[in-house]
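Enquirer: With the sequence up front, the predicted model follows.
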Amino acid sequence: MERRVRKPRILKGEITPPPDKSISHRSLILNSIAEGTARVTNFLTAADCLSTLSCLRALGIEIEREGNTVIVHGRGPDGFREPAGILDAGNSGTTIRLLSGLLASRPFRCVITGDASLRSRPMGRVIEPLSRMGATIHGHEGSQRAPLTIEGGKLRGIHYRLPVASAQVKSAILIAGLFAEGKTVIEEPARSRDHTERMLRAMGAEVKSEGTVITLTPRPSPLRPLSLRVPADISSAAFWMVAGALHPDARIRLRGVNINPTRSGVIDILQSMDARLIMDSQHMEGDEPTADIEIRSSRLRATVIGGEMIPRLIDEIPVLAVAAAVAEGTTEIRDAGELRVKESDRIAATAAELSRLGARIEERPDGMIIHGVPSLKGNRCDSHDDHRLAMALAVAGLIAEGETIITRAEAVDISYPDFWKDLERLCGED
């Protein structure tokens, strides 16, 4: 599917971004482990989260769905059954990695795979710690790629130092640690998103976080079900933050956005670039901080993005590259080599596609050097079947001169099915 985007005269309105993808995944998986029924409202019904739902149903968990409300009937750790066929995680790295942590302790063998993109992504980083805990896991290409064949076993807690800050790998280890003998201790090189730790604590697990060290002590009692309302996703909100800052006549208000400090690096970076961004109506949704965010037309200046900031905004780098492309000065993005193994090689793909629009970008092994230019020019570009790149290119099209054509634009359905409708609303095209 192709989408055509032009720079509108004004870009104004109020948007409630889609529900948080990370929290939606975890609400299903952790409530399936609990004993009892949980009601999750404002659940993200995008393709990735529906992959998790489908896999859990195949494992014997009863999940009702009405619109964006799901009801999970958890039956405790013994409520899972061997699936009749291969589990399909679709395009979702969260699904395959977190479920690997769950399946590592189950007394049966199963196979989990995904689409071509997911099968190209690194799985050794989750296989290695789970194998050390006692699971038997085999993958393709030297046990580095999916499909994964997992045979659960009796697990033991480990002390594990993550080579790369990864909330997915950390969460897989913590989920496995719920069923292990002894404590599980994880050391991170930098803090990654902590939704799993927050949710586990709310469900009665003994999880302690001290800086970048997380300790889980198993308890004999099962997890309590946790009913919650999922807040809006900051990664999806980021596209409108950048669009609002870059467009010359913009004022956008984003409702109910999750501003968890392990996720809110995009706010810090935009503010460092002199974006006119304010937050108000701050409150808690369960254990997650939430706020309304307003962004207005701004004159951005270049910045440096790297170090411990990267895990807090790794998914937002493609759209921040759009911001840097027209900011005053030269922006450096470094320490972001993890982008090479996302849904696409996001460093190469972002640099190539924004260059088509007139951006001056030098690709680096772990990032980009971006020299700001006065304006971008519309052209034909491609999403590489990457939802975040598709939306970043749409934002570029909103500020570029002329028409921008985005091919494979349906990729947005992975995380933001209503993206194009919201774009039209902000452009006054309802």
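Expert: That came through, no problem. Residues are numbered from 1 along each chain as shown.
Enquirer: ok, D335 touching P311?
Expert: No. Using CB atoms under 8 Å, D335 is not in contact with P311; the gap is 9.5 Å. C-beta coordinates here come from the backbone N, C-alpha and C atoms, glycine included.
Enquirer: Please identify which of the two sits among more neighbours.
Expert: Neighbour tally, D335 and P311, criterion other CB atoms under 10 Å: the higher count belongs to P311, 23 against 15.
Enquirer: Next, that one: secondary structure please.
Expert: When classified by DSSP: H, G, I helix; E, B strand; the rest coil, P311 comes out as helix.
Enquirer: From R191, how far off is it?
Expert: Separation of P311 from R191 (CB to CB, to the nearest Å) stands at 6 Å.
Enquirer: Between the two, which contacts overlap?
Expert: A165, T262 (CB atoms under 8 Å, 6 or more residues apart in numbering).
Enquirer: now the strands for the stretch 151-300 of the chain?
Expert: Secondary structure of the stretch 151-300 of the chain (DSSP state E, counting those that start in this stretch): strands located at 155-156, 159-161, 180-181, 184-187, 206-210, 213-217, 228-229, 250-258, 276-285, 288-296.
Enquirer: out of these, which comes closest to S415?
Expert: For S415, the closest of those is strand 250-258, at 13.9 Å, according to CB to CB.
Enquirer: How many residues are close by the nearest residue to M1 once chain neighbours are set aside?
Expert: Spatial nearest neighbour of M1, excluding adjacent residues (CB to CB, 6 or more residues apart in numbering): E410 at 4.4 Å. Residues within reach of E410, counting by other CB under 10 Å, total 16.
Enquirer: give me the low-pLDDT residue ranges for the stretch 1-150 of the chain?
Expert: Along the stretch 1-150 of the chain, the model assigns pLDDT under 70 to no residue.
Enquirer: Which parts of it are helices?
Expert: For the stretch 1-150 of the chain, the helices defined by DSSP state H, counting those that start in this stretch cover 21-33, 47-58, 93-103, 116-119, 124-133, 140-143.
Enquirer: Of all those, which one is nearest L178?
Expert: Short answer: helix 21-33, nearest of the helices of the stretch 1-150 of the chain by CB to CB, at 6.9 Å.
Enquirer: Can you name the residues that contact the nearest residue in space to D315 that is not next to it in sequence?
Expert: Nearest residue to D315, sequence neighbours excluded (CB to CB, 6+ apart): S235, at 4.5 Å. When contacts are counted by CB under 8 Å, 6+ apart, S235 touches K21, R263, V266, D315, E316, R388, S415.
Enquirer: now, which of those residues lie within helices?
Expert: K21, V266, R388 (DSSP state H).
Enquirer: For those residues, pick the one with the most neighbours.
Expert: Taking other CB under 10 Å as the neighbour criterion, R388 ranks highest of these with 29 neighbours.
Enquirer: Work out for me the element the spatially closest residue to it that is not a sequence neighbour sits within.
Expert: Distance criterion CB to CB, 6+ apart; nearest residue to R388, sequence neighbours excluded, is P318 at 5.2 Å. Assigned by DSSP states H and E, P318 belongs to helix 317-325.
Enquirer: For that helix, name the packing helices and strands.
Expert: With contacts taken as 3 or more CB pairs under 8 Å, 6 or more residues apart in numbering; DSSP states H and E, helix 317-325 sits against helix 234-246, helix 265-272, strand 330-333, helix 346-356, strand 360-364, strand 367-371, helix 387-399.
Enquirer: and L118, which of the ones you listed is closest to it?
Expert: That would be helix 387-399 among the helices and strands packed on helix 317-325, by CB to CB, at 13.0 Å.
Enquirer: Check which helices and strands the closest one sits against.
Expert: Counting contacts by 3+ CB pairs under 8 Å, 6+ apart, helix 387-399 packs against strand 3-6, helix 234-246, helix 317-325, helix 346-356, strand 403-407, helix 419-426.
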